[in-house]
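*Asks:* just the structure for this:
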Amino acid sequence: MSIALKQVFNKDKTFRPKRKFEPGTQRFELHKRAQASLNSGVDLKAAVQLPSGEDQNDWVAVHVVDFFNRINLIYGTICEFCTEQTCPVMSGGPKYEYRWQDDLKYKKPTALPAPQYMNLLMDWIEVQINNEDIFPTCVGVPFPKNFLQICKKILCRLFRVFVHVYIHHFDRVIVMGAEAHVNTCYKHFYYFVTEMNLIDRKELEPLP
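*Replies:* Reported below is the predicted structural model:
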């Protein structure tokens, strides 16, 4: 990453603290392997394929946390331009509007300004990935039976961040010289969710 990009993606801009993997764990090793593949410039389509002999849930868990960290960082770079005035609705252009529902405060899909939606989304994901019953960190502790369903919902909602950034704020990304980084992150995300069949194709329509 260039010095300019490092300045753009500095830790002060991170929307949320990063979730990290404990050294010595299987997931830490998978995370290192995934990062090494990306850093070596390997074909992204090949990099997302489940390594032989590895557990699918572990592979998905590593990527969900990594994508949360990366997308959180991307939104953090443009969040000062995403306000209730500029983005009164969480949308991806005129055809797509995203409503928030969490079965807690918002029991029905509710239209919200984009920044409020983003805050609720990142809070919600952070709770999921820090919940040991959903994302266990201890060796030998199994994933819940509905783990992939939870991950599908997380990834589907993270995709909406890409949609909003690309359609409403990509001019800012270009001004900051970060388009190559964001494009690579999106390609990596897209190849992963399609390879692992984690997002319905219809959900992906806003970014063909």
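
*Asks:* how about the residue of the chain most remote from its centre, what does it touch?
*Replies:* Centroid-distance maximum for the chain: Gly140 at 26.3 Å, with C-alpha atoms, centre = their mean. Going by C-beta atoms under 8 Å, 6 or more residues apart in numbering, Gly140 touches no other residue. For every residue, glycine as well, the C-beta is placed using N, CA and C.

*Asks:* pLDDT value on it, please?
*Replies:* The model reports Gly140 with a pLDDT of 82.

*Asks:* pLDDT weak spots in this structure?
*Replies:* Counting by pLDDT under 70, the chain contains low-confidence ranges at 1-42.

*Asks:* switch the cut-off to 90
*Replies:* 1-47, 51-55, 69, 73, 77, 103-104, 136-141, 176-181, 184, 208 (pLDDT under 90).

*Asks:* how about the helices of it, start to end?
*Replies:* Counting by DSSP state H, the chain has helices at residues 3-8, 26-39, 44-47, 56-78, 114-129, 147-168, 170-175, 179-195.

*Asks:* now the fourth one, how far from the centre of its chain.
*Replies:* A distance of 4 Å separates the centroid of the chain from that of helix 56-78, by C-alpha atoms, centre = their mean, to the nearest Å.

*Asks:* and for stretch 154-169?
*Replies:* That offset, for stretch 154-169, works out to 9 Å (C-alpha atoms, centre = their mean).
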